[in-house]
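K.L.:
here is the input, now give the coordinates:
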Amino acid sequence: MSVQGAIPVLTYHAMNVNGNDPESNDHVALASDLESLLAHHWEIVPLIDAVRSLFEGAIPMPPRAVAISFDDGSWFDWYDLDHPVHGRQRGMAGILRDFRERHRVRVHATSFVIVSPDARAELDRTCMLGCGWWGHEWWSEATREGLVAIESHSFDHNHHTLTRTAFGEAPTGRFDGVVTETLAEAEIVAASRWLDAAVPGRRTRLLAYPYGQSSRFLREDFLPRRRADHGLLAAFGTEPRAMTALDDRWNLPRLVCGADWRSSDELMRRIEAG
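P.N.:
Take a look at the predicted model:
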């Protein structure tokens, strides 16, 4: 059985569309997993509420609470899109709405978005399909609806395909190299401030580390010391287990679809085990 007070956080990448079955398509996986969660009496809660419940005790949680997150913040999180190889894909938000309407239950997800418009435009060409499907115009609409919360996945992800990142000459493709005040401000504080200004009606409260990687400097020094500047309540890595109140709030665990489970049955076994 699940550990008392533990809350699994499930992570999906909507751009993972390499087929049309749960093992190759995170949209199909999400739809299947939602049904399994309901059948096994798990209740989906907003991720920010789960964090506040564990670390502030202000929001009561159901005994079998689970939170859902998406990474990167592309159009696949929000819109139905015609994939050139694998056909029409129901957006992640549409999958959530379908589930909510079918079962009349509460559902919510948090999208950790790459903040920089320039980085997203370049990543759209280098990592996706080059269709201009990584704009941020939907983030305000999502905030107004309240189905998908928008949070930070850093300013530019320090992605290895970008021509230029905030890391300058330092190696790309990693995030545990954030070991200076200047770099932390560029990747984390700047991301919070940009989101707060660009998306009305919300404040940045959560961060998901790119690649699940963080530095000791971030976890033990910068994030707790500079809370007034970045505004965050917690940050997430990718250690594959449920989070508890005993965890470091600056390195909370998440389970990642495809890496930590490949079917709904496997997911249920993982989260039931705690």
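
K.L.:
was I right to think residue 24 contacts residue 83?
P.N.:
No. Contact criterion C-beta atoms under 8 Å: residue 24 and residue 83 do not qualify, at 11.8 Å. (Glycine included, C-beta is placed from N, CA and C.)

K.L.:
now do the shared contacts for those two.
P.N.:
Common neighbours of residue 24 and residue 83, using C-beta atoms under 8 Å, 6 or more residues apart in numbering, are residue 17.

K.L.:
what's the separation between the residue of the chain positioned farthest from its centre and residue 236?
P.N.:
Within the chain, the residue lying farthest from the chain centre (C-alpha atoms, centre = their mean) is residue 169, at 27.4 Å. Separation of residue 169 from residue 236 (C-beta to C-beta, to the nearest Å) stands at 28 Å.

K.L.:
check residue 246 too.
P.N.:
Taking C-beta to C-beta, one finds residue 246 at 16 Å from residue 236.

K.L.:
the more surrounded of these two?
P.N.:
Per other C-beta atoms under 10 Å, whichever of residue 246 and residue 236 has more neighbours is residue 236, with 28 against 8.

K.L.:
what bridges to the more buried one?
P.N.:
Listed by DSSP bridges, the beta-bridge partners for residue 236 are residue 208, residue 252.

K.L.:
how about it, what does it touch?
P.N.:
Contacts of residue 236 by C-beta under 8 Å, 6+ apart are 9, 69, 112, 206-209, 212, 251-254.

K.L.:
once you drop chain neighbours, what's closest to residue 84?
P.N.:
Counting by C-beta to C-beta, 6 or more residues apart in numbering, residue 129 is the residue found nearest to residue 84 once chain neighbours are left out, at 6.5 Å.

K.L.:
burial count for the closest residue to residue 93 other than its chain neighbours?
P.N.:
Excluding its sequence neighbours, the residue lying closest to residue 93 (C-beta to C-beta, 6+ apart) is residue 78, at 5.0 Å. By other C-beta under 10 Å, 25 other residues sit near residue 78.

K.L.:
residue 176 now?
P.N.:
Residue 176: 16 surrounding residues under other C-beta under 10 Å.

K.L.:
do residue 90 as well
P.N.:
There are 18 residues near residue 90, going by other C-beta under 10 Å.

K.L.:
quick one: residues contacting the residue lying closest to it once chain neighbours are set aside.
P.N.:
Nearest residue to residue 90, sequence neighbours excluded (C-beta to C-beta, 6+ apart): residue 80, at 5.5 Å. Counting by C-beta under 8 Å, 6+ apart, residue 80 touches 88-91, 94.

K.L.:
also residue 233?
P.N.:
By C-beta under 8 Å, 6+ apart, the contact set of residue 233 is 48, 51-52, 55, 205-206, 249.

K.L.:
quick revisit: buried among the contacts of residue 236? Make that a ChimeraX selection.
P.N.:
To isolate in ChimeraX the members of the contacts of residue 236 that are buried, counting by 16 or more other C-beta atoms under 10 Å, one can use:
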select :9,69,112,206,207,208,209,212,251,252,253,254
